[in-house]
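> 3D, please:
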Amino acid sequence: MQLVGHPVRWRLLSELARSDRRVRELVTLIGQRQNLVSYHLGKLRAAHLVTAQRSSADGRDTYYHLDLTCCMESLAATGAALHPGLRFDGLRFGPAPTTTATAEATAGLRDTQCRVLFLCSGNSARSPMAEALLRHRAGDRVEVTSVGSHPKPLHPNAVRVLHAHGIDLSGRQPKHLSAFAGQRFDYVISLCDRVREVCPEFPGRPALIHWCIPDPATAASYSAFCRTAAELDTRIRFLLPVLLDPSRGAPGAEGEVS
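Okay, the predicted model is just below:
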């Protein structure tokens, strides 16, 4: 709490809770000097609340990501340190699992389904995995699809790793980004640094979110796909309560910064 209580660090965490960002974007969003932003990002990284990932589009760039799981655990530990009555013994702290009761409680709260579009370059690994994982968790409460800027066949390891999650991806065909140009979405989530740079404008000012996730196909190992699936599922668990809460504004609804 002492660490994140600083107003600049709180602003940085708030922006990174919406989307992965580069330093220059954070400078614009919070209106502070670059050296000050870099200093406070260093403090947050030292505490393992924020991680950094080199851009696959431009190796000179770095995307910063808020580790929501670490934030959740740190907040739980803070409560226990303040007073034993604030321990979370026997209670789940964080994104609640999807249950029948949850589904019934959220049914009918939206007039229409929340529409989500996942983007990556090939639509062969990251984006179809994200689409399938979100559909698996949200059911018919969220309408989700995925596309690629340069589609290529579905990677067999993507099929294999999701089969272990009880999800069948076999037979899925890749889709091109152009087929969905002009459609309205509530959230457009890019998973590839390159595709983020060529993402077209969509009508209705959707929330533009970027998740800097390396392409597991470049590692040429099944374990890389397992790590990607785990990271996608973690991010989706934290996103799902936002998608299903009609009273909360979309994160990043103001649009991306250039």
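> ok, D193 touching T62?
No. Contact criterion CB atoms under 8 Å: D193 and T62 do not qualify, at 10.4 Å. (Glycine included, C-beta is placed from N, CA and C.)
> who has more neighbours, these two?
Taking neighbours as other CB atoms under 10 Å, D193 and T62 compare with D193 leading, 25 against 16.
> can you give the domain ranges for this structure?
1-92, 105-243 (automatic domain parsing).
> gap between the first one and the chain center?
Put simply, domain 1-92 sits 14 Å off its chain's centre (CA atoms, centre = their mean, to the nearest Å).
> what of stretch 200-208?
17 Å.
> would you mark the buried spots in that stretch?
Neighbour counts over stretch 200-208 (16 or more other CB atoms under 10 Å) mark F202, P206, A207, L208 as buried.
> format those as TSV; extra columns: pLDDT, secondary structure and distance to R21.
Listed next are the buried residues of stretch 200-208 as TSV, based on pLDDT from 0 to 100; DSSP: H, G, I helix; E, B strand; the rest coil; distance: CB to CB, whole Å:
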residue	pLDDT	secondary structure	distance to R21
F202	91	coil	20
P206	93	coil	17
A207	92	strand	14
L208	93	strand	11
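> including distance to H163, could these go into a markdown table?
Listed next are the buried residues of stretch 200-208 as a markdown table, based on distance: CB to CB, whole Å:
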| residue | distance to H163 |
| --- | --- |
| F202 | 32 |
| P206 | 31 |
| A207 | 31 |
| L208 | 31 |
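> for the stretch 1-150 of the chain, what are the low-confidence residue spans?
Judged by pLDDT under 70, the stretch 1-150 of the chain has its weakly predicted residues at 84-112.
> what about 50?
Where the stretch 1-150 of the chain drops to pLDDT under 50, the residues are 89-96, 98-110.
> show me the helices in it, by range?
Here the stretch 1-150 of the chain has its helices, by DSSP state H, counting those that start in this stretch, at 7-16, 23-30, 34-46, 68-82, 100-106, 126-138.
> what's the most buried one of these?
helix 126-138 (a mean of 24; mean count of other CB atoms under 10 Å).
> tell me what it is packed against?
strand 114-120, strand 142-148, helix 156-163, helix 222-243 (3 or more CB pairs under 8 Å, 6 or more residues apart in numbering; DSSP states H and E).
> show me the contact partners of it.
Residues outside helix 126-138 that contact it (CB atoms under 8 Å, 6 or more residues apart in numbering) are 98, 116, 118-120, 142, 144-148, 154, 158, 161-162, 165-167, 169, 172, 174, 189, 191-192, 213, 215-216, 225, 228-229, 232-233, 236-237, 239-240, 243-244.
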